[in-house]
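Q: The sequence and its predicted three-dimensional model are supplied below.
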Amino acid sequence: MTDIQLTTVGKSYGRRRVLAGITLDVGTGVLGLLGPNGAGKTTLLRVLATVALPDTGRVELLGRDPRDPSARAAIRRRLGYVPQQTGFPSGFTTFEYVDYVAILKEMTDRRARHDEVRRVLDVVGLAGMARRRVWRLSGGMKRRLVIAQALLGDPRLMILDEPTVGLDPEQRLRFRDTISALAEDRCVVVSTHQTEDVTAFCPRVVVLHEGGIRFDGSPRLLAATATGRVWRSDRRDPGARLAWRTGDGTLRQVGSPPPGAELVEPSAEDGYLLLVGEAETDAVPEAGT
């Protein structure tokens, strides 16, 4: 079943074209969305979450057209959405915030709704924080709280914009486990800057750049686009587009290797960096891998 079907979708803000004719079909499983800042990722996710409508093209979500108000309401009943930035009503406890969202999702049976609120708080590891005021939570806890509200009602379609921002390594691993299990029978779209997350639990990757799709395939195929273009040496070579010092003290370089270079197996991150060039960052800092 195709849960998301986009046909030549375009979106502009003033004179700036943010999405340039996106065509995409997505079914059950996890799709990882990568792209540099300004590539159009958040705008695309807002379209998928029915928050924004496209200027051109056609969008079909769960077999319905979100331009129709009644269809849009039906989509939202089966949708879980984690926006990039979230505000919280003043004074709410953790439980009250998720309960408030559940009411907005038309969960009218109080006992069943409260059971569902407790369930999703437990899934994200916040069951013990139910009575704590939201303003007292850490940044990572607030992010987990937003993920919890997205899980309400067992949604068929989940749209997650940078869901792991602020999570520590253990919480990110738990997030991967949760989403991987959920995606067995539903559609999940995850936007992230963490290429290791994409490699770990996204069987399909879309790279968005300058409003268009630059790549659509598996993490393995994304890595393969950098075959023969990644090498190690003691000093930076002129053909390197990007280079950084690794934990063993050598430079890992991506670009056009010199003759006789010590080629290494590329990663999905290497393929991504070559696809988007240096738009992601002006310089890659030296760091351990």
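A: Happy to help now that I have it. Residues are numbered from 1 along each chain as shown.

Q: Could you break this structure into its assigned domains?
A: Per the record, the chain has its domains at 1-78+155-217, 86-154, 223-276, by automatic domain parsing.

Q: export these to a markdown table and tack on mean pLDDT and mean neighbour count?
A: Using the backbone N, CA and C atoms, a C-beta is placed for each residue, glycine as well. Listed next are these as a markdown table, based on pLDDT from 0 to 100; neighbours: other C-beta atoms under 10 Å:
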| stretch | mean pLDDT | mean neighbour count |
| --- | --- | --- |
| domain 1-78+155-217 | 91 | 18 |
| domain 86-154 | 92 | 17 |
| domain 223-276 | 93 | 17 |
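
Q: Chain neighbours aside, what residue packs nearest to residue 29?
A: residue 183 (5.3 Å; C-beta to C-beta, 6 or more residues apart in numbering).

Q: Would you enumerate the residues in contact with the one you found?
A: For residue 183, the contacting residues are 28-30, by C-beta atoms under 8 Å, 6 or more residues apart in numbering.

Q: Just name the closest of those residues to residue 131, please.
A: Of all these, the one sitting nearest residue 131 is residue 30; the distance, using C-beta to C-beta, is 33.0 Å.

Q: if we can go back for a sec, would TSV of the contacts of residue 183 with distance to residue 169 and secondary structure be doable?
A: As requested, these are arranged in TSV below (distance: C-beta to C-beta, whole Å; DSSP: H, G, I helix; E, B strand; the rest coil):
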residue	distance to residue 169	secondary structure
28	28	coil
29	24	strand
30	19	strand
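
Q: what would these look like in CSV with distance to residue 157?
A: Formatted as CSV, the contacts of residue 183 follow (distance: C-beta to C-beta, whole Å):
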residue, distance to residue 157
28, 10
29, 12
30, 12
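
Q: For residue 227, which three-state class applies?
A: Of the three states, residue 227 takes coil under DSSP: H, G, I helix; E, B strand; the rest coil.

Q: Surely it is in contact with residue 266?
A: Yes: in terms of C-beta atoms under 8 Å, residue 227 counts as a neighbour of residue 266; the distance is 5.8 Å.

Q: who's residue 24 bridged to?
A: Beta-bridge pairing for residue 24 (DSSP bridges): residue 6.

Q: how far out from the middle of the chain is stretch 83-97?
A: 21 Å (C-alpha atoms, centre = their mean, to the nearest Å).

Q: What's the end-to-end length of that stretch?
A: With C-alpha to C-alpha, to the nearest Å applied, stretch 83-97 spans 16 Å between its terminal residues.

Q: Equivalent analysis for stretch 35-55, please.
A: With C-alpha to C-alpha as the measure, what separates the two termini of stretch 35-55 is 22 Å.

Q: do the same with stretch 29-38
A: Where stretch 29-38 begins and where it ends lie 26 Å apart, using C-alpha to C-alpha.

Q: swap in stretch 17-37?
A: From its first residue to its last, stretch 17-37 covers 14 Å (C-alpha to C-alpha).

Q: element containing residue 131?
A: Using DSSP states H and E, residue 131 maps to neither a helix nor a strand.

Q: again, but for residue 141
A: With DSSP H and E as the test, residue 141 turns up in helix 139-150.

Q: Output the contacting helices and strands for that helix.
A: Judged by 3 or more C-beta pairs under 8 Å, 6 or more residues apart in numbering; DSSP states H and E, helix 139-150 is in contact with strand 79-82, helix 94-104, helix 110-123, strand 157-161, helix 169-182.

Q: That one to helix 110-123, inter-axis angle?
A: 140 degrees (axes from the mean of the first three to the mean of the last three C-alpha atoms, to 10 degrees).
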